[in-house]
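> coordinates only, no sequence provided:
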DNA sequence: AATACCGGTATCTTTTAGTATACCGTAAAA
DNA sequence: TTTTACGGTATACTAAAAGATACCGGTATT
């Protein structure tokens, strides 16, 4: 197999799935594409998520530099979660995912 | 919020994650982007997968019309798994995922 | 005739992800 | 001053995914 023709490494795909996959991460990122949100705001928007899961996923996304929690300095000011610049770079990808998903639904149902 | 500015529905993203997510599905699809493969060939390429998991995921992908198992007619001819046309339509998406993943790795490690 | 590969299935155990629910300190609103 | 919202933490549980391992009938190979 020539290098030019070489295809995706499994790991490459898996790395990304590990990040945006799972029950909630894609949804969290997608809803933050909208705007920065506060903890309880997220909890309301992501119907059914428990605080434990939410905080766990947010921390994971923070660690992966996709989401920021601001201000880092303590107290007095309300805390907002937002996409980082890096997180925003996912937006077109998520957009394409959504488009494909809608097409897919038609094929499966139609 | 104007409709034009309306953002992704959580469900849209989740639907797709449900399909390409999970420990192996992305990898299976990615490796089938390469070429049609036989069961044991897939098993070798997807290092560490058990036959139980492989057959389960293949059936799932078949049900979702992303992968075909041919020939359907029984026996005598070797069985190949391949992407369907619909499955192939995932290829650009997977490509974009891979690109983003590589960029992401640099950011996390660098 | 024996061995090995193919395309799986069956059973059991472990791991992981997610759920349920209660609670806590702080701050602002009523 | 009692209540409510915020931003979580703690503990315990459950269900789903995945792994380990053995096995099986059919075909091809030696």
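Everything's here; your move. This is a predicted model, so every value here is computed, not measured. Residues are numbered from 1 along each chain as shown, chains lettered A, B, ... in the order given.
> stretch A:100-108 and chain B, any residue contact?
Yes. Stretch A:100-108 lies within reach of chain B by Cβ under 8 Å from any Cβ of the partner chain, at A:100, A:101, A:102, A:103, A:104, A:105, A:107, A:108. Yep, even glycine has a C-beta here, placed from its N, CA and C like the rest.
> same list, those, but only the ones touching DNA strand D.
Among the residues of stretch A:100-108 next to chain B, proximity to DNA strand D is found for none (Cβ under 7 Å from any atom of the strand).
> can you redo those as JSON lines with neighbour count and pLDDT?
Formatted as JSON lines, those follow (neighbours: other Cβ atoms under 10 Å in any protein chain shown; pLDDT from 0 to 100):
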{"residue": "A:100", "neighbour count": "20", "pLDDT": "93"}
{"residue": "A:101", "neighbour count": "22", "pLDDT": "90"}
{"residue": "A:102", "neighbour count": "13", "pLDDT": "90"}
{"residue": "A:103", "neighbour count": "12", "pLDDT": "92"}
{"residue": "A:104", "neighbour count": "19", "pLDDT": "91"}
{"residue": "A:105", "neighbour count": "13", "pLDDT": "89"}
{"residue": "A:107", "neighbour count": "14", "pLDDT": "91"}
{"residue": "A:108", "neighbour count": "14", "pLDDT": "89"}
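> closest to chain B out of those?
residue A:101 (4.1 Å; Cβ to the nearest Cβ).
> not counting sequence-adjacent ones, nearest residue to the closest one?
residue B:16 (4.1 Å; Cβ to Cβ, 6 or more residues apart in numbering or on different chains).
> thank you kindly, that will do.
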